[in-house]
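Visitor: quick one, what's the 3D model for this:
(4 chains)
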Protein chains: 2
Amino acid sequence: MTGEQTEKPGRKPRIRDAEATKARILDAAKKEFSKNGLGGARVDDIAEKAKANKRMIYHYFESKEGLFQTVLEEAYLDIRSAEQKLHLEDLDPKAALEKLVRFTWEYYLKNPEFLTLVNSENLHRAKHLKKSEIIKVSSRKLVNMVSSILERGVKAGMFRDGVDPVQLNITIAAVGYYYLTNRFTGTIIYERDLMAKDALEQRIRFNIETIMRLVTV
Amino acid sequence: MTGEQTEKPGRKPRIRDAEATKARILDAAKKEFSKNGLGGARVDDIAEKAKANKRMIYHYFESKEGLFQTVLEEAYLDIRSAEQKLHLEDLDPKAALEKLVRFTWEYYLKNPEFLTLVNSENLHRAKHLKKSEIIKVSSRKLVNMVSSILERGVKAGMFRDGVDPVQLNITIAAVGYYYLTNRFTGTIIYERDLMAKDALEQRIRFNIETIMRLVTV
DNA sequence: TAGTTAACGCACTAACTAGTTACTTCTTTA
DNA sequence: TAAAGAAGTAACTAGTTAGTGCGTTAACTA
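Guide: Sure thing, here's the model as predicted:
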């Protein structure tokens, strides 16, 4: 173990603390990568913001890309785990679906770094995500969750049959994701402040409407 | 004019040709920027691929960012002008809307650079697009087009009233854009080849269904 | 408490990168 | 045809940038 005897639950008075340093690096890296992309991010800046020596980045994460991969993996695991905590199986199908749409929207809104990280990874043709097995496993759970909501809805006569759960999943993500990643160009194109409070409220209502109409009989 | 007398319509035998060089640079730049993003693109590589001297880039476009701005502007003008050529006003509302959904999807599919350029611009908080007046004007036409389809549909009793044309427009873009920009991570997450021929066909059908159900009474 | 391991820091490098200087050559026009 | 301007080139610069070699010090353990 890692020095359990001197550690008290909420306190880590050690001057040298591998876990804390790692965490500070990951946190700074997430901000930098999401702000500037993988190519635009600077290792020196990450080290400075993490209040760590640059050498530590290479010590813990091997390379800039290794660091990016870890950041990305953690980001995916975070949203996947938050989705599981929704316990949609306890709600009736309509309420469950609406809750998922709302959750997805709010997660993107509160975690805009997630959007940019995913964009960055797609620019690199998902070469980092490809190596991660745990991401596949946790994503399967999401698809199953939506599948079972759909099934229950069909049985209850609320939803129509034949809606592909993967397509539905993609669409739930799409209507929120697109609006939010493209909020800067969108604000210019549509000459409207897409991030104003009422604009955001209008959008989430519209998204729920879109998804509900899609599955309703 | 630029040496009109020696130019024959389809032939430009000049060794020195400013327009041709400019065009080659823009073409190479579009590929480089869309492949690597603004930060990741290399000016030297663009010059090499364009078979032009790097000095020419600075001569014609002032800076790397100036070049990016021009590339981005041309990309937007291209899609906006293609949309206008659809002549949706000649079709009945349902057919018009379906044609727009299909066109948007196919444009993204055939011009994936557009998607990455827009992503890159959003990473930079739309600082380049902000400067462009012509983009706003041509985007207004798109919104008006959708507005008038909606209006005609409502009058004909086909579409329900109160659908916001901007939200609809964003949604039409979203359902195609998200699927295609995130095709690399998507293929991993959903463990399914999103770019297979039948997958693409399934998606466009799903998108049309989504949009039609959204506007139908 | 001595010895070992792991955390950390300094200073460096080799390669790269946007942008420029100073120049040559082609094309047009007075 | 001579002069001027525009198109094009090669070589360079000043500043970055990812990644390292090597030494130091704190923390754990035999």
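
Visitor: mind listing the helices for chain A?
Guide: For chain A, helices defined by DSSP state H occupy the ranges A:18-40, A:43-49, A:54-61, A:64-84, A:93-110, A:112-123, A:133-155, A:165-181, A:183-189, A:197-215.

Visitor: contacts only, for A:Arg203.
Guide: A:105, A:179, A:194, B:167 (C-beta atoms under 8 Å, 6 or more residues apart in numbering or on different chains). C-betas here are computed from N, CA, C, even on glycine.

Visitor: run a quick neighbour tally on the second one.
Guide: It refers to A:Tyr179. For A:Tyr179, the count of nearby residues is 27 (other C-beta atoms under 10 Å in any protein chain shown).

Visitor: any idea how far it lies from B:Glu209?
Guide: Counting by C-beta to C-beta, to the nearest Å, the separation of A:Tyr179 from B:Glu209 is 20 Å.

Visitor: out of the contacts of A:Arg203, grab the one that's most surrounded.
Guide: Neighbour tally across the contacts of A:Arg203 (other C-beta under 10 Å): the maximum, 27 neighbours, falls on A:Tyr179.

Visitor: how far away is that one from chain B?
Guide: Counting by C-beta to the nearest C-beta, to the nearest Å, the separation of A:Tyr179 from chain B is 6 Å.

Visitor: you'd agree that residue is up against A:Arg192?
Guide: No - contact criterion C-beta atoms under 8 Å: A:Tyr179 and A:Arg192 do not qualify, at 11.8 Å.

Visitor: dihedrals phi and psi, A:Arg16?
Guide: Backbone torsions of A:Arg16, given as degrees, to the nearest 10, read phi -100, psi 120.

Visitor: look up phi and psi at A:Met195.
Guide: phi -100, psi 0.

Visitor: show me what contacts it?
Guide: Counted by C-beta under 8 Å, 6+ apart, A:Met195 has contacts A:183, A:187.

Visitor: how near is it to A:Ser120?
Guide: From A:Met195 to A:Ser120 the distance is 21 Å (C-beta to C-beta).

Visitor: what does A:Ala196 give?
Guide: A:Ala196 is 27 Å from A:Ser120, by C-beta to C-beta.

Visitor: which one of the two is surrounded by more residues?
Guide: More crowded of A:Ala196 and A:Ser120, by other C-beta under 10 Å: A:Ser120, with 25 against 11.

Visitor: give me the pLDDT for that one.
Guide: pLDDT, A:Ser120: 98.

Visitor: wait, doesn't A:Leu109 sit right on A:Tyr179?
Guide: No - applying C-beta under 8 Å as the test, A:Leu109 and A:Tyr179 come out as separate, 9.7 Å apart.

Visitor: how many neighbouring residues does the nearest residue to A:His128 once chain neighbours are set aside have?
Guide: Spatial nearest neighbour of A:His128, excluding adjacent residues (C-beta to C-beta, 6 or more residues apart in numbering or on different chains): A:Gln69 at 4.1 Å. Applying other C-beta under 10 Å, we find 21 residues neighbouring A:Gln69.

Visitor: in contact with A:Gln69, which residues are there?
Guide: Contacts of A:Gln69 by C-beta under 8 Å, 6+ apart are A:128, A:131-132.

Visitor: would you turn the residues you listed into CSV with neighbour count, distance to B:Arg160 and pLDDT?
Guide: Listed next are the contacts of A:Gln69 as CSV, based on neighbours: other C-beta atoms under 10 Å in any protein chain shown; distance: C-beta to C-beta, whole Å; pLDDT from 0 to 100:
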residue, neighbour count, distance to B:Arg160, pLDDT
A:His128, 20, 44, 96
A:Lys131, 11, 47, 91
A:Ser132, 18, 44, 89
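
Visitor: which of those residues are close to DNA strand D?
Guide: Residues of the contacts of A:Gln69 in contact with DNA strand D (C-beta under 7 Å from any atom of the strand): none.
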